[in-house]
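Asks: With the sequence up front, the predicted model follows.
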Amino acid sequence: MLSSGLRIWIALLGAISGVIHLIVLNVRLMSMGFNIDVPFTLNGIGFLTLSALALWRPSFLRGWESLYRWAFIGFTAITIVAWTILGDKADILGWATTVLEVVLLVLLVMDGRRRSVA
């Protein structure tokens with residue numbers, strides 16, 4: 001897979017996860033009478049920011065692509081572990097989002113390996 005294609009998939013999966021955390025889960029909670037959840041909101045903002053950086057490579061990040069990738073990998077892994085510990089295992093959206101995030105992790109690792117060989 002070409003680098004640009006891989007980056008597009010990374011950005012797309014990260015953005016989907018970001019929208020789920022930022023909007024879908026907060027709307028679901030508010031419909032049940034709860035307030036906006038700060039961890040979901042911050043997680044969504046984090047995914048959307050890291051996804052934007054996957055496509056838009058600002059000049060101040062030149063030479064730091066590996067650090068950015070590791071940050072995205074760590075952020076995604078922490079999200080998966082948090083859901084594994086705290087999440088509702090009966091919720092199909094939680095499982096679907098976790099599968100999406102595992103695929104995102106695989107793509108990020110593939111991108112890192114491809115870049116280290118090149």
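Replies: It's in. Residues are numbered from 1 along each chain as shown.

Asks: And the strand or helix carrying residue 105, what does it pack against?
Replies: Assigned by DSSP states H and E, residue 105 falls within helix 92-117. Using 3 or more CB pairs under 8 Å, 6 or more residues apart in numbering; DSSP states H and E, the elements in contact with helix 92-117 are helix 3-19, helix 65-86. C-beta coordinates here come from the backbone N, C-alpha and C atoms, glycine included.

Asks: CSV for the ones you listed, including distance to residue 42?
Replies: Formatted as CSV, the helices and strands packed on helix 92-117 follow (distance: least, CB to CB, whole Å):
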stretch, distance to residue 42
helix 3-19, 11
helix 65-86, 11
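
Asks: Would you mind finding the most buried of those helices?
Replies: Looking across those with neighbours counted as mean count of other CB atoms under 10 Å, the highest average goes to helix 3-19: a mean of 18.

Asks: Packing partners of that one?
Replies: Against helix 3-19 (3+ CB pairs under 8 Å, 6+ apart) you get helix 38-55, helix 65-86, helix 92-117.

Asks: Spatially central residue in this structure, please.
Replies: residue 14 (3.8 Å; CA atoms, centre = their mean).

Asks: Nearest residue to that residue in space, please, no chain neighbours.
Replies: Of all residues not flanking residue 14 in the chain, residue 51 sits nearest, at 3.4 Å (CB to CB, 6 or more residues apart in numbering).

Asks: same check, this time on residue 109
Replies: Nearest non-adjacent residue to residue 109 (CB to CB, 6+ apart): residue 73, at 7.0 Å.

Asks: That's all I had, so thanks and see you.
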